[in-house]
Structure formats: structure tokens, C-alpha cells
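Asks: no FASTA, just this:
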């Protein structure tokens with residue numbers, strides 16, 4: 001399934017804790033993207049909660065190496081959505097077994113590049129928390145992979161995309 005870049009960027013912005021921008025909601029047209037969260041700790045769940053609240057994502061899988069965090073996150077997703085998501089402790093298994101459209105990468109920083117590259121190669125569009133990589137080379141590799149696989153990626157910058165900051169920005173027409 002092909003996702004238009006413009007629509008994905010708007011949906012990814014929603015996933016990045018910027019749900020307060022109402023004009024983005026109006027353009028989602030009811031489509032829900034199969035979404036996986038890689039890194040289901042406190043911040044990853046904040047991002048997923050906001051994405052779910054936007055109505056643009058359907059959570060299908062969670063991944064975390066910490067089984068306790070994973071179980072708590074899965075229970076919360078079920079409480080919020082009524083859906084029992086699959087859980088994984090290895091992101092490679094998740095990417096092999098699930099057909100996801102969007103991957104939210106909220107792992108510890110040193111895993112961002114590896115998780116992002118694998119998810120892009122598996123066909124997912126990406127929302128990756130900051131920093132995208134530890135080196136320019138890691139971030140460049142993610143950009144190159146996204147271009148090669150025709151995927152869209154967004155780096156999480158809540159102090160740039162959050163509703164409080166967005167209200168002080170101007171928007172062009174369209």
C-alpha cells in the first residue's frame with residue numbers, strides 16, 4: 001500500500017505529540033495506519049497515546065527488551081483501543097512477522113539508527129525520536145535508506161512540533 005508523502009508527514013506530526021493542531025485531524029479522512037511502537041517505555045508510550053488519540057493509527061505491535069514494560073504498555077493499549085496488540089522483545093521478529101505502515105522508534109538513543117534502518121527496509125514509514133543518530137553518518141544512512149525505499153521519515157522534536165510552539169508559527173495556504 002502506498003502512502004502519499006504529504007498525508008504521512010501530517011500523520012507523523014500527530015504521532016509526535018502535536019495532536020493539538022486541528023487542521024491536520026480534518027485531513028486524515030478516517031484512514032488508520034498499521035503502527036508499531038519499538039521502545040514501549042514512558043516516552044514511547046506518550047507518543048503512541050497521542051498518535052492513537054489522533055485517530056490516524058491502529059496499533060498492531062509493541063516491542064521492548066524489558067518484558068515488564070512491554071506487558072504494561074500492551075495492557076494500556078488494549079484499555080485505550082480495545083485491541084490486543086502483539087508483543088515482541090526483538091524488533092527483528094516484529095518487522096519479519098507484522099505488516100506495518102508506520103514504525104515509531106522510541107528506543108534508547110544508541111538503537112535509533114539500527115531500528116530505523118531495519119523498519120525502513122521492512123517497508124515502514126518512520127517516526128524516530130531525537131537524536132536520529134549518534135553520528136552524521138548514521139543519520140545520513142537513514143536518509144539514504146528512506147529515499148531508496150521511497151519512505152518518509154520524521155525526527156521527533158516536541159519543542160518544534162508541539163501545540164504550544166505551533167500556535168506561534170505561521171502556516172502557508174494549502
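Replies: Okay, I see it. The structure presented is a predicted model; accordingly, all values stated were derived computationally and were not measured.

Asks: buried set for the helix or strand hosting residue 118?
Replies: According to DSSP states H and E, residue 118 maps onto helix 112-121. For helix 112-121, a neighbour-count test (16 or more other C-beta atoms under 10 Å) marks 112-120 as buried. From N, CA and C alone the C-beta is placed, and that goes for glycine too.

Asks: identify the farthest-apart pair in those.
Replies: Maximum pairwise distance among these (C-beta to C-beta): 12.1 Å, between 112 and 120.

Asks: and the helix holding residue 118, what does it pack onto?
Replies: Counting by 3 or more C-beta pairs under 8 Å, 6 or more residues apart in numbering; DSSP states H and E, the packing neighbours recorded for helix 112-121 are strand 33-38, helix 91-97, strand 102-105, strand 125-129, helix 136-148.

Asks: check what contacts the lengthiest helix in the chain and list those residues.
Replies: In the chain, with assignment by DSSP state H, the single longest helix is helix 67-81. By C-beta atoms under 8 Å, 6 or more residues apart in numbering, the residues outside helix 67-81 that reach it are 37, 40-41, 44-45, 48-49, 52, 58-59, 62-64, 83-85, 87, 89.

Asks: just stretch 122-142 next, same as before
Replies: Here stretch 122-142 makes contact (C-beta under 8 Å, 6+ apart) with 3, 8, 12, 15-16, 33, 36, 39, 43-44, 47, 95-96, 99-107, 109-110, 112-113, 115-117, 119-120, 146, 149, 151-157.

Asks: cool, and stretch 54-64?
Replies: Stretch 54-64 is contacted by residues 11, 14-15, 19, 24-25, 28, 30-41, 44, 48, 51-52, 70, 73-74, 77, 81, 83, 85-91, 94, 98, 100, 102 when judged by C-beta under 8 Å, 6+ apart.
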